[in-house]
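[1] sequence and predicted structure below; questions after.
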Amino acid sequence: MHRIPSSIVAVSARRMAGLLQVRYLSNCAKNNILSSVSRKFTANDVFTTTTTQSTKTITQFTRFYASQAKEITLPALSPTMEEGVIVEWLKKEGEEYKTGDVLFRLQTDKSVLDVEAQDDGVLAKIIVQANAPAQPVNSTVAFIADPGTDVSKLQFPDVQAKKLKKEEVSKENTVKATPSSSIPSDKSKTATSTQPSSPSPSPSSSKPSESPATTSGTSTSTSTSTSTSSDVFLFPSVRRILAENNMDVAKVKGTGPGGRITKGDVLASLASGNKNSSPPPAQQRAPTPSSSSSSAPSPSSSPASKQQTPSTTSYEDTPNNNIRLVIAKRLTESKTQIPHMYVTAECNIDQLLELRARLNAAQTVKLSVNDFILKAAAMTLRAVPKANAAWGKDGVQLLKNVDVSVAVATEKGLLTPIIPNTDQKGIASIATELKDLAGRARAGKLKPHEFQGGSFSVSNLGMYGISQFIAVINPPQSAILAVGTGRKEVQFSTSSKVNLDEDNTSSTNQPEPKVVNVMDVTLSCDSRVIDEALARQFLQKFQEFMGNPERLLL
């Protein structure tokens with residue numbers, strides 16, 4: 001029951017509908033939250049009034065804004081995100097939710113994140129179902145309404161029609177932007193058609209011409225087939241098989257994500273007999289000379305055409321997930337826009353292995369060689385600050401923090417979670433934090449700030465037996481260190497001993513061989529930021545830390 005002061009009693013309902021602005025206050029009993037909505041009455045508002053000397057009571061009030069569903073659009077959860085896939089809806093249609101409740105889980109370009117509700121409401125209708133094809137940012141995925149709204153009485157706008165309208169407007173703008181010189185005018189067409197033909201008879205004049213019925217029928221079937229297949233997303237190989245076998249795409253049942261038609265679906269449909277009896281339009285329009293029809297073999301009977309049948313293919317198209325598409329795009333940009341330079345060095349890790357064995361025997365946190373490598377890389381960046389930099393619009397940007405990214409292999413692609421302030425943390429802390437980040441990276445639960453940015457990357461394939469490799473720089477960083485496996489190698493000491501014989505003559509002993517543990521590292525760097533001299537300085541300092549690991553504990 002809501003009351004309005006008696007000063008507005010004399011105002012008529014019609015005048016009130018056009019002029020009066022009322023503040024509607026509602027007390028939420030469950031959470032004691034007082035929410036206010038300010039709006040103007042419209043003529044469609046229905047209310048019944050009871051007039052007394054001092055008060056006017058509104059007993060029924062239907063608000064216009066509450067009778068309309070509100071859109072939920074796909075949010076951009078990272079700077080590089082252009083589209084996303086809804087992995088799971090945690091609320092059902094008609095279910096109410098509170099502020100902070102998770103509505104759905106969204107797979108971005110690097111991880112799966114929770115999308116929370118910004119206000120109380122009810123999930124009215126889901127437009128994009130879970131595991132549907134990727135949707136662009138700001139596209140409509142669902143409709144919501146105010147708490148207590150009967151969703152069965154809501155009217156939802158046609159999202160598909162709205163999308164088609166946007167596409168039509170975009171096409172119209174493209175046509176308007178096309179230069180007029182590229183479109184032939186009617187006069188040019190008339191002039192072309194009225195030009196006299198050559199007096200000499202052409203070879204095509206002796207060939208029989210097609211009848212109008214055949215030409216019109218062929219063009220109609222071609223346009224129908226093209227429009228049908230163009231409305232469905234198909235891979236190029238799928239379109240090729242459909243065109244070569246004159247198959248109807250509407251008769252092929254897709255088994256891919258979101259009902260997408262794969263190559264296996266087309267081949268299975270072809271094997272089951274889904275093939276039009278009429279020849280392809282290209283064969284209908286191609287006239288065959290009667291003089292050479294008996295002597296020339298048909299294309300279908302040639303051995304080459306039999307070897308090119310789709311049934312002999314042994315591969316299948318696999319649609320890429322959003323993460324792999326983003327990785328492919330960023331790596332392509334890196335290799336085409338960043339001038340890479342590669343420098344390789346060999347590190348002696350004998351003392352490192354001995355120190356690691358002693359520390360693991362004395363504590364519960366088990367340390368890996370990779371933990372020492374991360375600490376050594378961070379300490380090297382602190383000792384060589386010019387290497388802890390990035391290329392910016394106005395030149396080289398020297399970074400203040402040493403944030404080392406670590407390459408982690410997942411089923412969906414390679415992710416690089418960041419250990420912030422790596423140089424200020426102990427090796428045990430680095431090991432614990434890396435274990436947590438790697439586990440959440442493989443589960444797709446990293447937050448955007450945990451994998452975006454960073455000043456330097458380390459990619460270690462040594463645990464997989466890879467002796468040496470070259471890594472691609474991860475923008476916006478300017479360097480990445482590729483680490484190979486440790487191996488035993490025979491080396492000779494560089495200094496020789498001088499001994500005196502009995503006759504006081506000097507003799508030089510041959511250096512003795514020694515088996516040592518070594519490891520190759522390759523630095524891929526942006527030559528705009530790190531030149532050859534700076535790369536040499538970085539690797540020399542890194543070799544010192546790896547050869548004297550006690551310095552990493554200071």
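    Perfect, thanks for sending it. Numbering: from 1, shown residues only.

[2] quick one: the helices in the stretch 51-200 of the chain?
    159-177, 186-194 (DSSP state H, counting those that start in this stretch).

[3] hang on, residue 326 in a helix?
    Yes. Checked against DSSP: H, G, I helix; E, B strand; the rest coil, residue 326 lies within a helix.

[4] report how many residues lie close to it.
    The tally of other residues near residue 326 (other C-beta atoms under 10 Å) stands at 20. C-beta coordinates here come from the backbone N, C-alpha and C atoms, glycine included.

[5] before we move on, the earlier item: the helices of the stretch 51-200 of the chain: lowest mean pLDDT?
    Of all these, the segment with the smallest mean pLDDT is helix 186-194, scoring a mean of 43.

[6] any weak-confidence spans in the stretch 451-554 of the chain?
    In the predicted model of the stretch 451-554 of the chain, residues 494-509 satisfy pLDDT under 70.

[7] residue 370 is in what secondary structure piece?
    Taking DSSP states H and E as the criterion, residue 370 maps to helix 369-383.

[8] low-confidence stretches in this protein?
    Residues of the chain that meet the criterion pLDDT under 70 lie in 1-68, 109-110, 159-233, 274-313, 494-509.

[9] that older thread, in the helix holding residue 370, which residues are buried?
    Neighbour counts over helix 369-383 (16 or more other C-beta atoms under 10 Å) mark 369-381, 383 as buried.

[10] what's around residue 328, how many residues?
    The local packing of residue 328 (other C-beta under 10 Å) involves 12 other residues.

[11] that one contacts residue 322, correct?
    No. Residue 328 is beyond contact range of residue 322, at 10.9 Å (criterion: C-beta atoms under 8 Å).

[12] ranges for the strands of the stretch 351-500 of the chain?
    In the stretch 351-500 of the chain, the strands defined using DSSP state E, counting those that start in this stretch lie at 389-392, 395-398, 404-406, 408-410, 413-415, 418-419, 456-460, 479-492, 498-500.

[13] from residue 368, how far out is residue 537?
    To residue 368, residue 537 is 27 Å away according to C-beta to C-beta, to the nearest Å.

[14] tell me who's in contact with residue 255.
    262, 264, 265 (C-beta atoms under 8 Å, 6 or more residues apart in numbering).

[15] so of those residues, which ones are in helices?
    Members of those lying in helices (criterion: DSSP state H): 264, 265.

[16] return the member of the contacts of residue 255 nearest to residue 434.
    Nearest to residue 434 among the contacts of residue 255, counting by C-beta to C-beta, is residue 262 at 38.0 Å.

[17] right, and that closest one touches residue 256 too?
    Yes. With contact defined as C-beta under 8 Å, residue 262 counts as touching residue 256 (4.6 Å).

[18] quickly list what's touching both of these two.
    Common contacts of residue 262 and residue 256 (C-beta under 8 Å, 6+ apart): residue 319.

[19] and those two? Which one has more around it.
    residue 262 (21 against 17).

[20] report the contact partners of that one.
    235, 238, 254, 255, 256, 316, 317, 319.

[21] distance of the last one from residue 483?
    The spacing between residue 319 and residue 483, counted by C-beta to C-beta, is 33 Å.

[22] compare these two (neighbour count), which wins?
    Per other C-beta under 10 Å, whichever of residue 319 and residue 483 has more neighbours is residue 483, with 26 against 15.

[23] what residues are up against the nearest residue to residue 526 once chain neighbours are set aside?
    Counting by C-beta to C-beta, 6 or more residues apart in numbering, residue 526 lies nearest to residue 478, which is 4.1 Å off, once chain neighbours are set aside. If a contact means C-beta under 8 Å, 6+ apart, then residue 478 has 389, 390, 391, 525, 526, 528, 529, 530 as its contacts.

[24] also residue 408?
    Taking C-beta under 8 Å, 6+ apart, we find residue 408 in contact with 414, 415, 416, 417, 437, 438, 441, 442.

[25] and if we set it to 10 Å?
    Residues in contact with residue 408 (C-beta atoms under 10 Å, 6 or more residues apart in numbering) are 414-417, 434, 437-442, 446, 451, 459.

[26] likewise residue 320?
    Taking C-beta under 10 Å, 6+ apart as the criterion, residue 320 is in contact with 134, 326, 327, 328, 412, 413.

[27] quick check: end-to-end length of stretch 70-88?
    21 Å (C-alpha to C-alpha, to the nearest Å).

[28] of all the residues in that stretch, which ones are buried?
    Within stretch 70-88, the residues that qualify as buried are 71, 72, 74, 77, 78, 81, 83, 84, 85, 86, counting by 16+ other C-beta under 10 Å.

[29] residue 475 - how many residues pack around it?
    Residue 475 is flanked by 16 other residues according to other C-beta under 10 Å.

[30] can you tell me how far it sits from residue 335?
    Remark: distance between residue 475 and residue 335 (C-beta to C-beta) = 10 Å.

[31] fine by me, thanks again.
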